[in-house]
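Asker: coordinates for the following, if possible.
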Amino acid sequence: MVSRRTHRTVVSAVAGCLFALGVLAPGPAAVPLPRAAQADGASVPVPREPRPPQLPADFQGTGRYVVRDLGIDVPFSWQGRDGNSQMIAGGPEHPIWFTNLIYENTLYTLTYKWPNIPLFPPRECSKIPGFFNRQIFNDKLKTSRFVGPEILQGEKDRHVDHWRVGVVGGSTVPGEFFRHRPGEVTLPDRCPPPAS
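Answerer: Residues are numbered from 1 along each chain as shown. From the prediction side, this is the model:
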């Protein structure tokens, strides 16, 4: 992800001291694999985990901001110049609309629309306390976990690598904000059942 146009990057930022990040990078079809020799002399690809994505200093990208439990699927744009960047999700005609900026070593967020949150009078742009820049963001991306290859279905199937990293802020006292009970997990109809 060092190109000037980055179309396979998805970032999600959630208010309430939770910052979740999912990054999709070009998949294995775009990266040649090293070859290993078999006993009969034939060579076969050796699977390897790709390197974590990095946010370049200058880029332009578009994508979809999806929050399935809220039924939100809106367009977003994200661009950077000289290490500063701005991501805009949704818009006045969508159910959500917000922007996140990394500008001059500071992280800002401004929410114009969000379901069930009154924003009148309009909220000021929130400056997140502390020093934050592209290098810190990329250092966090280096700790991301490779989820695996994925196929994004649409007009044309896209093969991508899925990465995930998260940061949770707030209290570190267990149970102070969350209940520790089992949840209910079911596969959506479009997902095939796991192989037994």
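
Asker: what average pLDDT does stretch 60-73 get?
Answerer: When the per-residue pLDDT values of stretch 60-73 are averaged, the result is 88.

Asker: buried residues, it. List them.
Answerer: The neighbour-count criterion (16 or more other C-beta atoms under 10 Å) identifies 61, 63, 65, 67, 72 as the buried residues of stretch 60-73. Using the backbone N, CA and C atoms, a C-beta is placed for each residue, glycine as well.

Asker: from those residues, which is closest to Leu152?
Answerer: Using C-beta to C-beta, Gly63 is the member of those that lies nearest Leu152, at 9.8 Å.

Asker: quick one, strands of this structure?
Answerer: Residue ranges of the strands in the chain, as given by DSSP state E, are 18-26, 35-37, 43-45, 59-67, 72-81, 84-90, 97-103, 106-113, 126-128, 145-152, 158-168.

Asker: which one of those strands lies closest to Pro52?
Answerer: Shortest separation from Pro52 across the strands of the chain is recorded for strand 158-168, at 6.1 Å, computed as C-beta to C-beta.

Asker: what residue ranges in the protein score low on pLDDT?
Answerer: Counting by pLDDT under 70, the chain contains low-confidence ranges at 1-47, 122, 168-196.

Asker: re the thing from before, from the strands of the chain, which stretch is densest packed?
Answerer: For the strands of the chain, the largest average neighbour count (mean count of other C-beta atoms under 10 Å) is found in strand 84-90, namely a mean of 20.

Asker: that one to strand 59-67, inter-axis angle?
Answerer: 40 degrees (axes from the mean of the first three to the mean of the last three C-alpha atoms, to 10 degrees).

Asker: and the angle from strand 84-90 to strand 72-81?
Answerer: Here the directions of strand 84-90 and strand 72-81 differ by 160 degrees (the same axes, to 10 degrees).
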